[in-house]
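> sequence first, then the predicted structure, then my questions.
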Amino acid sequence: MKLVLPWMREFAAVPADASADAVASRLASCGFEVAEILAAAAGGPVIDFEVTANRPDCLSVVGLAREAAVAFGVDFRIPDSRISAASASSAVEVEIAAPELCPRYAAQVARVQIGPSPSWLAERLHAAGVRPINNVVDVTNYVMIERGHPMHAFDLERLAGRRIVVRSARKGETLRTLDGVERTLEPDMLVIADAERVAAIAGVMGGADSEVSDRTTLVAFESAWFLPRSVRITSRRLGLKTEASARFERGADIEAPVTAMARAIELLEKIGGGQAVGPVVDSYPRRADRRVLELRRARIAHLLGADVPAADTERLLAGLGFGAAARGEAWQIEVPAWRVDVTREVDLIEEIGRHYGYDRLPTSFPPLGEVTPAPDPRIGRDDLARRVMLAAGFDEAVTFTFIERKAAEPFAAEGSIAAIANPLSEKFTVLRPSLLPGLLDALAHNRRHGQADVRLFEIGACFNTNDGEHRRAGLVWIGRADEEHWSAPPRAVDFFDARGVAERLCGAFRVPPRFVEASERCLAAGRAARVLGADGRLLGIVGQLHPAVVEARDVPGRDDVYVAELDLDALGAGMHAARIEPLPRFPSIVRDLSILADVRLPAADVRGTIRSAAPATLVEVGEFDRYQGKGIPEGRVSLSYHLTFRAADRTLTDAEVDQAMAAIVAALQQSHGAERR
């Protein structure tokens, strides 16, 4: 933002002997970075400031003048605009068909005589980096630079029906913009139309068909407020960035349209370029209330480390345009509409700190002898999960928290996706409800670069509108289950491999898992399970990704993709204290058990039956094979288990183990119709 000093002094009574260097230094101490100080031009000395994106109010002479007035401790004043009464009644009809994107739109008709601007106005525009065009266009640009509020001027005779309609573009509509480019519009883009066609892209650029020309005698001035997100998305999609869009997409002042309009008419009359011939049409159906925040004296002292006098606090905030009403040891602060960046108490304290002067705050060392705070348990959980996944042969990935909606939908419950209010682009419109979409894209990237066997995991936050933020660990696995070795043929990863990793992760948290067959949108039928804790709490999911989901993310190849995702918060909550047991004094006996069972029988049910039928000497049940195919009847499956028996006080006999095995086989046959092979 190029600030012309004589222009600034029309609003802030900065001492005449304050040089450009002095002004730049004073504002730099208040947080405004100086890009350069330019040599004095015809319009006067110029300082180029780097204004941060959260301060759109300072993309104006008035905004920087207000800051300078507080920094120098001088008066600040915006003179009222004085304009002549309308000489005739000539109005333009305004209709807002998209109030959610444009809550306020003002318009006024003026009779004009097109010509060049006077030298003083042209010189100021030049100094501010704007090329003069003609008196009408220059007036709108002058108001934008001075007040920070973009305006536009239409040739009224070229607006069909003398009507302005603020609406969304229709499919297939096009507009030749002022830069001469024919642009195709999309249905969610906000436009300004007349009774027949599009006349401008709201907040971005006007159209050539309604442009002010040398033959123009009547203009309709536009001064409006557009939703920042809408302007930002439209500007980026069209690849069209303008001075107007830069201001609107950061957040303009919703209270400024009428005052900006009055200033434009005042300037037009002052330079002899025209006069208003109709009333201001201000369509503002739902007026926005100013934000009110509580500011506590104790909080100021806590954050700044100094007790700022109440008089200084009130003086500084009043100078910046804030209203303050004392309430005991606090104030009720009314935030001006142009300060879109001030939303919390801490923002107010920052305003006080930067103008009170950080150099005035006392230097103090932190108190010694304080107890070091306990480590964040989330960090410990993350590290534990990370060690388990790395030990299982997985590589860690880090993916974006922002993803596109269509990638999120298969992994979220209906209506639970958390949308981003101001997305960075069309590809980053929602917060991820799961780690799996990002991991799936990372898997596809690796596959496209020649990696046949991919094991990836990620630990990160996931979000939904039902219960907020959760910390999760997720994995994707494709290709071979084990490293290639001469001792065995290669085997593709399957459900039980993914389940085994999930079991290992639960075991690290000392949470015994229970796997229950489930139907999840993102997982293939019959190869999906929910992971439950001992208390029935949902810990996560494991299974094969649905082929349609894999295909939608363009994963090369036809291999099955297996995934698991566990909630680290739930695992941490269910974690019980470690129980130390002595090493076994007596040997164990291992027996293998193979059974034929119904293919639909859940493995968890088999394990449960084995556990319930066996004596206390059964210490471990491990599944090592699952087979369907030659030699196995249709609809049946062969399941094989290692059963480990051990007593704490003696060496078991074969007879005792035989008796236990017989009881287990009988229970499996009675409960599930299983038979021993």
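It's in.
> ramachandran angles for P99?
For P99, the backbone dihedrals (degrees, to the nearest 10) come out as phi -60, psi -20.
> how about the strands in the stretch 51-200 of the chain?
In the stretch 51-200 of the chain, strands defined by DSSP state E, counting those that start in this stretch lie at 93-96, 104-112, 152-155, 163-168, 174-176, 182-184, 190-193, 198-201, listed in chain order.
> redo these as JSON lines? Include mean pLDDT, distance to H126 and mean neighbour count.
All C-beta spots, glycine's among them, are computed from the backbone N, C-alpha and C. What follows is the strands of the stretch 51-200 of the chain, written out as JSON lines (pLDDT from 0 to 100; distance: least, Cβ to Cβ, whole Å; neighbours: other Cβ atoms under 10 Å):
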{"stretch": "strand 93-96", "mean pLDDT": "95", "distance to H126": "34", "mean neighbour count": "16"}
{"stretch": "strand 104-112", "mean pLDDT": "95", "distance to H126": "22", "mean neighbour count": "24"}
{"stretch": "strand 152-155", "mean pLDDT": "97", "distance to H126": "20", "mean neighbour count": "25"}
{"stretch": "strand 163-168", "mean pLDDT": "96", "distance to H126": "32", "mean neighbour count": "20"}
{"stretch": "strand 174-176", "mean pLDDT": "96", "distance to H126": "28", "mean neighbour count": "18"}
{"stretch": "strand 182-184", "mean pLDDT": "96", "distance to H126": "29", "mean neighbour count": "14"}
{"stretch": "strand 190-193", "mean pLDDT": "98", "distance to H126": "29", "mean neighbour count": "25"}
{"stretch": "strand 198-201", "mean pLDDT": "97", "distance to H126": "26", "mean neighbour count": "26"}
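> what lies in contact with stretch 189-197?
With contacts defined as Cβ atoms under 8 Å, 6 or more residues apart in numbering, stretch 189-197 is touched by 98, 101-102, 152, 159-169, 173, 175, 185, 198-203, 209-210, 222, 226-227, 230-231, 233-234, 237-238.
> same thing but 7 Å
Surrounding stretch 189-197, the residues in contact under the criterion Cβ atoms under 7 Å, 6 or more residues apart in numbering are 98, 101-102, 159-161, 163-169, 185, 198-202, 222, 226, 230, 234.
> likewise stretch 521-537?
410-411, 436, 495, 499, 502, 511-520, 538-547, 549, 566, 570, 574.
> buried ones among the residues you listed?
Under a neighbour-count criterion of 16 or more other Cβ atoms under 10 Å, the subset of the contacts of stretch 521-537 counted as buried comprises 410-411, 436, 495, 499, 502, 511, 513-515, 517-518, 520, 539-546, 549, 566, 570, 574.
> and the closest residue in space to V665 that isn't next to it in sequence, how far is that from R591?
In space, V665 comes closest to R676 once its chain neighbours are excluded; the distance is 5.1 Å by Cβ to Cβ, 6 or more residues apart in numbering. With distances taken as Cβ to Cβ, to the nearest Å, R676 is found 12 Å from R591.
> show me where pLDDT drops low in the chain?
Along the chain, segments meeting pLDDT under 70 span 40-41, 85-90, 366-375, 577.
> for it, which helix is longest?
Scanning the chain for the longest helix, with DSSP state H as the assignment, gives helix 654-672.
> after that one, which helix or strand is next? Please name it.
Counting by DSSP states H and E, the element after helix 654-672 in chain order, helix or strand, is strand 675-676.
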